[in-house]
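Undergrad: Model the following, please.
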Amino acid sequence: MFLAKNLRYFRNQLQMTQSELAEKLGLQRTMISAYEDGRSEPKLSSLSIMSSLFNISIDELLYRDIQEQGRKITGQKDIKVLTIAVDQEDNERITMVGQKASAGYLNGFSDPEYVESLPQFHLPNLSRHTTYRAFELSGDSMLPLVPGTIIIGSYVEQLSDIKSGRTYVLVTVTEGVVYKRVFNYLEENGKLFLVSDNEQYKPYEIKGEDVLEIWEAKAFISTDFPNPKDKSRPASLEDISQMILDLKSEIMRLKS
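TA: Below you'll find the model as predicted:
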């Protein structure tokens with residue numbers, strides 16, 4: 001394993017101190033020293049952040065001597081390896097991440113044995129050329145979709161592929177597994193704005209480097225039927241845009 005050597009190499013290439021890297025990973029400086037000396041190994045969430053920060057796959061970070069052998073691919077962002085479940089005929093199945101499994105999924109999403117242990121199913125009329133995953137909603141921030149609704153998402157490989165105004169399930173280091181309407185400001189400030197369709201919840205932002213997986217919502221399953229007398233409605237894109245402007249104004253006010 002070349003993690004210790006590669007970590008020291010990339011940190012020096014970026015001219016970062018151990019303290020600066022530790023801050024990005026949310027760790028103590030002594031942990032970085034332990035990683036580089038081979039006395040300890042980082043958790044998967046920290047490896048994922050390193051992978052994004054150094055623009056390298058976790059596999060290369062762990063098992064390839066970058067200083068001696070160089071990169072497998074140059075000039076391109078490495079493609080993340082997605083763990084999937086298949087049936088006996090080698091057809092992909094949809095893995096179900098329930099409310100209670102969300103916390104465990106954050107640590108086990110790239111572990112084949114863990115993914116295999118989660119419930120799996122097939123759905124008709126979905127493309128066979130796309131990987132899907134199902135996530136159960138736990139709150140009311142995305143009304144009219146109620147808690148217990150199952151969101152079927154298709155895998156999005158790159159952060160740059162996120163289209164502003166659409167809804168996504170994001171697996172994140174800081175917020176866990178969340179389902180929100182996302183606005184992409186990565187080129188502007190390296191962040192994403194996450195907006196709830198329920199206007200009672202304020203938008204907030206997260207760093208792109210904190211996103212571990214992205215799933216674009218394609219369908220949902222619910223046992224709750226719409227009530228014609230229910231006056232509640234999701235926020236419109238105009239409402240959401242105004243909320244973002246208000247949030248930016250508030251941030252600027254606090255900074256000044």
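
Undergrad: All the strands of the stretch 1-150 of the chain, in order from the start?
TA: Using DSSP state E, counting those that start in this stretch, the strands of the stretch 1-150 of the chain run over 85-86, 92-97, 120-121, 132-136, 150-156.

Undergrad: can you list the domains in this structure?
TA: Domain assignment for the chain by automatic domain parsing gives 3-69, 85-223+233-255.

Undergrad: Quick one: neighbours of F109, just the number.
TA: For F109, the neighbour count with other C-beta atoms under 10 Å is 22. For glycine as for every other residue, the C-beta is placed from the backbone atoms N, C-alpha and C.

Undergrad: Who are the contact partners of it?
TA: T83, V115, V171, L212, E213 (C-beta atoms under 8 Å, 6 or more residues apart in numbering).

Undergrad: Among these, pick out the one closest to R93, please.
TA: V115 (10.2 Å; C-beta to C-beta).

Undergrad: before we move on, back to that, list buried residues within the contacts of F109.
TA: V115, V171, L212, E213 (16 or more other C-beta atoms under 10 Å).

Undergrad: Cross these against helices and list the overlap.
TA: Judged by DSSP state H, the buried ones among the contacts of F109 include V115 as members of helices.

Undergrad: Spatially, which two of the buried ones among the contacts of F109 are the most separated?
TA: Comparing every pair within the buried ones among the contacts of F109 by C-beta to C-beta identifies V115 and L212 as the most remote, at 13.8 Å.

Undergrad: quick revisit: for Q28, state which of the contacts of F109 is nearest.
TA: The nearest member of the contacts of F109 to Q28, counting by C-beta to C-beta, is L212 at 21.8 Å.

Undergrad: That closest one and T172 touch, don't they?
TA: Yes - with contact defined as C-beta atoms under 8 Å, L212 counts as touching T172 (6.4 Å).

Undergrad: want to throw the strands of the stretch 1-150 of the chain into a markdown table with mean pLDDT and distance to Q15?
TA: Shown next, in a markdown table, are these (pLDDT from 0 to 100; distance: least, C-beta to C-beta, whole Å):
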| stretch | mean pLDDT | distance to Q15 |
| --- | --- | --- |
| strand 85-86 | 76 | 42 |
| strand 92-97 | 90 | 39 |
| strand 120-121 | 90 | 46 |
| strand 132-136 | 95 | 38 |
| strand 150-156 | 94 | 32 |
